[in-house]
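In: Build me a model:
(one chain, ligands or ions: 1)
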Amino acid sequence: MPVCQRSVCMKRVDAIAAEIAQAGDLHLQRHAEQIIASMPSGLMLVDSGLRVLSINLAMCELLSIGDAAAVVGMPLHSLLDSDVLGLRLKQTLQSMQSPDDFTVTQRVSGNYRHLEFKICTVPAAPAETVLLVMAHDITDHIRSQEELKRFRLALDSSIDAVYLIDAEQLRFVDVNETAIATLGYSYRELLQLGPQDLKPDPGELEKIQHRFAEVIRSKHKTGMFETVHQRKDGARLPVEVYLRAIRSERRQFLVAVVRDITERVKAETVLRESEERFRVAFNQAAVGLAHVAPDGRWLMVNNKLCEIVGYSRNELLNMAFQDITHPDDVVTDWAIARRMTACEIDEKTREKRYRHKNGYYIWVNLTSSMVRSEDGTPKYYSTVVEDISRRKQIEEELLHLANHDALTSLPNRSLLLDRLSQALVFAGRSASQVAVMLIDLDRFKNINDSFGHEAGDKFIMEIGRRLAASVRAGDTVARLGGDEFVLIRPDVAQGDAVVILAQQIQEALGRPLTIQGHEFFPSGSIGISMYPKDGEDSQTLLKNADTAMYRAKDAGRNNFQFYAHDMNSRALDRLKLESGLRRALERDEFVVHYQPQMEIASGEIIGAEALLRWQAPGQGMIFPGDFISIAEEAGLIVPMGEWVLRTACTQKKAWHDAGMRAPMKIAVNLSARQFKHQDIVKVVSRVLEQTGCRPEWLELEITESVVMDNPEAAARTLQKLSDMGVHLSIDDFGTGYSSLNYLKRFPINSLKIDRSFVRDITTDVDDAAIARAVIALAHSLKMTVIAEGVESAEQLSFLREQQCDQMQGYYLSRPVPAPELEKLLNATSQKSIKPASGD
Ligand SMILES: Nc1nc2c(ncn2[C@@H]2O[C@H](COP(=O)(O)O[C@H]3[C@@H](O)[C@H](n4cnc5c(=O)[nH]c(N)nc54)O[C@@H]3COP(=O)(O)O)[C@@H](O)[C@H]2O)c(=O)[nH]1
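Out: Model prediction:
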């Protein structure tokens, strides 16, 4: 029952008692009984013996009495669990004064009920004292009081300060114990204050009003912010405030739950300071530092790393590590990354290369480890980068010093032996030869003795330069000391190549040399040993080359000697052949023979190939197979080739002018060296002009390797020749690169099926298939196709069946001198081809 309602009832108990007293005889007073019965509160009259005189229904309900009449006259204690009421009634009878209200707990139907009792004497009954007992059920009231107490206790126990704020007055209406403890004000003091009084900073009132208004207007009526409160003692207190707007009794309140965040702010400050310290240390570290994402992107880089790789921070943060890593190192980096991701390794240190922004590579020593989130997911690689370019450079310089001769910078003995053993291993596997040349300068001691060591050093340095310039990539020139040099040529196919090399070395050494105003004519004695013939290990080969070198010295210096005698005689033969070739042009010892070419369908001779022969005095006819390669290597092919071209063009013009039966075109072979080292376009146009031969009468035969060496340059040259009207043919087709791509790009008129395919064309299915394919290919590219080396009717018949356009070979005629070709043309019926005589 609410407090006010109870007090109304309790006031009325006196009035009721007075009313009853005025009625006179209590026992018979019907009026008094009526009054009691009609009251909503529990009422009963008790006599001085504490027996029930009268009881109303409300009291019966409170005491759980079923029949009111049955209890009249019964002692009061039989109706109640507690004897508190009895005691109070006795005290009242003794003192004749009404006691204060008191509460009795009565068990009713298994539940406890709290009853508030009021006792009053009925003053108008002198003969016998009668007491009026009034009771109310205050169980609900007590329960809600307890709930309120519990709630208050909970509120006061909260670690957060809680304020109930009157939003209009901006005053605290209530606060909890924590608020009191936190701020240092008493409860009363706080109720005199408002939220603005807790703010140390000026202008806070407006801010608070504004913020409160926002929360009140907001949909969820809540808000949260951080601020600083000031305690009573002036200390500042960082807080986090959760606000909720509530309305009660038509007034607007705000509940503020305020959490002290001093520790959190301290922790954040510590963290911020720590991060700042880390940032400064990270950026100013003397080594490069970075965080790299699992996909390789740079996430964080310090100043030193930027300095090492030459990129700005922003540039790097838009790149990945692989963008600036040497291609050879990227694979290793990813392999390590994979192992780290799989937790196989925690950390890895390695040396690798980054490409500096300026394009050059730098060596770094890199240590990386993986940083993972709490659940183990890879977050980033933490990387430490140290620039070791200088160290690497020093290492390289030391390595160079350890392996090279200080005067000439050529490899020294140690590196020479290393290279030689590598060359021997390779040659052993590929069944090739290795040449070891020991070069000893002739009379070098005289230079040293006569002109001093400075001149001697300059002399040696120049010789070293000349030797190094005379060799090709893959060769090694080393200085053993003094005036001794060694040259290694790996992968030698033929001994002839070594002879040429020895000649080149002699030539290079022999060029006059001026030092300190004196002219010298250097020369060297060269000893040559060959792997595997003259030894299978480095020491033996060097020893034998040394022996051969002494033989060269004995033979009068300035010459070369092979360790194996048969090589010397072969070298001698080759040298003889070469010097013979050099004189052959001047001495007019070359002749050109012509081999006719026939159109298969018509049997008509439509062309002839010009083929060079050498009539060396006393040696009979020498065929190109024996001298063309030497002429190529010695560079003699260029004047020889031009001579053949001129001779063939002159012959063709002569046949034409004489009105004779003659082949329509003359085919001339062009060597690779001619094609590359001569302005062949100029040579051909000059020869055509000088001889009067028409361009369409001339066909130039080139091999696949000639054009494939430098396809771009070859395409330009061939186009110019083709534009002149000269025919172009690919010789020995199928034996070289056979790149079909160039066939489309070059202005080629015909393909020549190599005679190695024609030889077994009727017996070997593969050769037959190749021939068929070449014919089909040529036709599809609108080229004519000619088969060379046709020696039999069967071969010709096969080619005819396959619609090969032309043929050339002994079956028609061997290459013959011009007059014989003329005879052949005149004598032979062009429809009935018979083998003809020739060389
Ligand atoms: N750069 C130059 N190369 C030239 C020149 N003259 C010739 N050569 C090249 O020398 C190679 C050998 O030529 P040769 O000894 O003259 O042989 C040619 C023919 O005699 C031979 N041939 C022709 N028909 C047959 C045959 O039925 N059977 C058979 N066994 N041999 C035959 O083929 C050679 C022609 O070949 P090709 O040039 O490929 O058409 C040779 O590679 C010549 O090219 C020159 O002046 N400059």
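
In: low-confidence ranges in the stretch 651-800 of the chain?
Out: Applying pLDDT under 70 to the stretch 651-800 of the chain flags the ranges 678, 736-739.

In: gap between the helix or strand hosting Leu415 and the chain center?
Out: Element membership of Leu415 [criterion: DSSP states H and E] is helix 413-430. Distance of helix 413-430 from its chain centroid, counting by C-alpha atoms, centre = their mean, to the nearest Å, is 37 Å.

In: Spell out which parts of the chain neighbour the ligand.
Out: Within the chain, the residues that sit near the ligand (C-beta under 6 Å from any ligand atom) are 595, 609, 611-612, 623-625, 628, 641, 644, 669, 671, 701, 731-732, 755, 788-791, 808-810, 815. (C-beta placed from N, C-alpha, C; glycine too.)

In: Which of these fall in helices?
Out: Judged by DSSP state H, the residues of the chain next to the ligand include Pro624, Gly625, Ile628, Gly641, Val644, Arg755 as members of helices.

In: Which pair of these spans the longest distance?
Out: Gly641 and Arg755 (21.5 Å; C-beta to C-beta).

In: So between those two, which is more surrounded?
Out: The neighbour count for Gly641 versus Arg755, taken as other C-beta atoms under 10 Å, is higher for Gly641 (24 against 19).

In: ok, the residue nearest to that one when sequence neighbours are not counted - how many residues close by?
Out: In space, Gly641 comes closest to Gln674 once its chain neighbours are excluded; the distance is 4.5 Å by C-beta to C-beta, 6 or more residues apart in numbering. For Gln674, the neighbour count with other C-beta under 10 Å is 23.

In: likewise the one 3 residues further on?
Out: A count of nearby residues for His677, using other C-beta under 10 Å, gives 12.

In: Surely it is in contact with Val638?
Out: Yes. At 6.4 Å, His677 and Val638 qualify as touching, with contact defined as C-beta atoms under 8 Å.

In: And the buried ones among the residues of the chain next to the ligand, selectable in PyMOL?
Out: PyMOL command restricting those to the buried ones, with burial defined by 16 or more other C-beta atoms under 10 Å:
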select buried, resi 595+609+611+612+628+641+644+669+671+701+731+732+755+788+789+790+808+809+810+815
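
In: Among the residues of the chain next to the ligand, name the ones in strands.
Out: Gln595, Glu609, Leu611, Leu612, Asn669, Glu701, Asp731, Asp732, Glu788, Gln808 (DSSP state E).

In: give me every residue that touches the first one.
Out: So that's Gln595. Ala608, Glu609, Leu611, Gln808, Ser813, Arg814, Pro815, Val816, Gly838 (C-beta atoms under 8 Å, 6 or more residues apart in numbering).

In: same deal with the fourth one?
Out: Under the criterion of C-beta under 8 Å, 6+ apart, the contact list for Leu612 reads Phe590, Val591, Val592, Pro624, Ile628, Met640, Val644.

In: do the third one as well
Out: With contacts taken as C-beta under 8 Å, 6+ apart, Leu611 has the following neighbours: Val592, His593, Tyr594, Gln595, Pro624, Asn669, Pro815.

In: any idea how far it lies from Trp697?
Out: Using C-beta to C-beta, to the nearest Å, one gets 17 Å for the distance from Leu611 to Trp697.

In: residues touching the residue lying closest to Ser109 once chain neighbours are set aside, list them.
Out: In this structure, Ser109 finds its nearest non-sequential neighbour in Ser64, 6.6 Å apart by C-beta to C-beta, 6+ apart. Each residue near Ser64 by C-beta under 8 Å, 6+ apart is listed here: Gln106, Val108, Ser109.

In: Pull the number of nearby residues for the last one.
Out: It stands for Ser109. Neighbour tally, Ser109, other C-beta under 10 Å: 6.

In: Now do it against Gly66, distance only.
Out: Applying C-beta to C-beta to Ser109 and Gly66 gives a distance of 12 Å.

In: quick one: low-confidence ranges for the stretch 351-500 of the chain?
Out: In the stretch 351-500 of the chain (pLDDT under 70), no residue qualifies.

In: Break down it into its strands, ranges please.
Out: Using DSSP state E, counting those that start in this stretch, the strands found in the stretch 351-500 of the chain span residues 361-372, 378-387, 433-441, 476-481, 484-492.

In: Could you identify which of those is most buried?
Out: strand 433-441 (a mean of 25; mean count of other C-beta atoms under 10 Å).

In: Restrict that one to CA atoms and write it as PDB.
Out: What follows is strand 433-441, C-alpha atoms only, in PDB (Å, rounded to 0.1, in the frame of the first residue of the first chain):
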ATOM      1  CA  GLN A 433      89.100 -30.900 -78.500                       C
ATOM      2  CA  VAL A 434      90.900 -28.200 -76.500                       C
ATOM      3  CA  ALA A 435      93.900 -26.300 -77.800                       C
ATOM      4  CA  VAL A 436      96.500 -25.100 -75.300                       C
ATOM      5  CA  MET A 437      99.000 -22.600 -76.700                       C
ATOM      6  CA  LEU A 438     102.000 -21.500 -74.800                       C
ATOM      7  CA  ILE A 439     103.400 -18.200 -76.200                       C
ATOM      8  CA  ASP A 440     106.800 -17.100 -75.300                       C
ATOM      9  CA  LEU A 441     108.000 -13.700 -76.500                       C
END
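
In: Thanks a lot, catch you later.
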